[in-house]
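Q: Show me how the following folds:
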Amino acid sequence: MCCSVGFARSLGLALLPLALCSVLANLLLLFPMGEITYIQQDRLASYIWYFGGLGGGGLLMLIPAVAFITLGKCSCCWNESLMMCGSVLAAIIGLLGSGYCFVISGLALIQGPHCFTSYGWSYPFADQRGRYLLQPENWSWCLQPINIVEWNVTLLCVLLGLAVLEFIICLLQLGNGLVNAICRPCCYKQEYSLNA
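A: Just a heads-up that it's a prediction; the model follows:
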């Protein structure tokens, strides 16, 4: 059991920087090129307001991170199987959070940025279903904010990558917790029957 608790703690420590990076990436999406005017004028892409990195990959990911790190620290009333069941629940919350971050970031990437073009403020790449990502020569359609396509693509790809890493970490703990919650009591019963 000690190894599985140590493994869970290391997974929790790995989740913390990923969650903080997700929050930072989402905050940067709110301020293109560090400017505050676009958020004040409500000129951001609609999916940015769903806060995939801030909520799903960031704050929601703190629940499993803290749960994994503090696993086994309370010696009061938790038995080992119940403790692992709690980590399984936290891992499921983490899977949902990272999945939300991934889906929202993917949808925002497909939609493309909200920018000022020669026709006014619009989503010039919305009808292309993400094909604009392979056509950087068309990115100049966005006149303002300057380099908004590169800004959004970079940060959204970072969020996608972070969401995948968070998902893998939570999936590992889900497996670890399930195996220990289900198999550990059976192992103890076998040990007691062998000693009797």
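Q: How about Tyr21: what's its closest non-neighbour residue?
A: You called it Tyr, but residue 21 is Cys. Among residues not flanking Cys21 along the chain, Leu162 sits closest, at 5.7 Å (Cβ to Cβ, 6 or more residues apart in numbering). C-beta: built from backbone N, CA, C; applies to glycine.
Q: need the helices for this protein, in chain order.
A: Per DSSP state H, the chain carries helices over the ranges 2-30, 37-40, 62-69, 80-111, 148-195.
Q: which residues touch the one residue sitting closest to the centre of the chain?
A: Centroid-nearest residue in the chain, with Cα atoms, centre = their mean: Gly57, separated by 2.6 Å. Residues counted as contacts of Gly57 (Cβ atoms under 8 Å, 6 or more residues apart in numbering) are 18-19, 22-23, 26, 97-98, 100-101, 159, 162-163, 166.
Q: Which of those residues sits closest to Leu62?
A: Ala19 (5.7 Å; Cβ to Cβ).
Q: On the pLDDT front, check the closest one for me.
A: pLDDT, Ala19: 96.
Q: In contact with the residue nearest to it when sequence neighbours are not counted, which residues?
A: Leaving out its chain neighbours, the residue that sits closest to Ala19 by Cβ to Cβ, 6+ apart is Met61, at 4.0 Å. Counting by Cβ under 8 Å, 6+ apart, Met61 touches Leu15, Leu18, Ala19, Ser22, Gly94, Gly97, Ser98, Glu166.
Q: Tell me the buried residues within those.
A: Leu15, Leu18, Ala19, Ser22, Gly94, Gly97, Ser98, Glu166 (16 or more other Cβ atoms under 10 Å).
Q: how close does Ala163 get to Leu134?
A: From Ala163 over to Leu134 the distance is 22 Å, taken as Cβ to Cβ, to the nearest Å.
Q: wait, I meant Asn180
A: 45 Å.
Q: that older thread, ok, so of the contacts of Met61, who is nearest Ala8?
A: Leu15 (10.5 Å).
Q: Kindly state the pLDDT recorded for Leu178?
A: 86.
Q: Give the burial count for it, as a bare number.
A: A total of 15 residues lie near Leu178 under the criterion other Cβ atoms under 10 Å.
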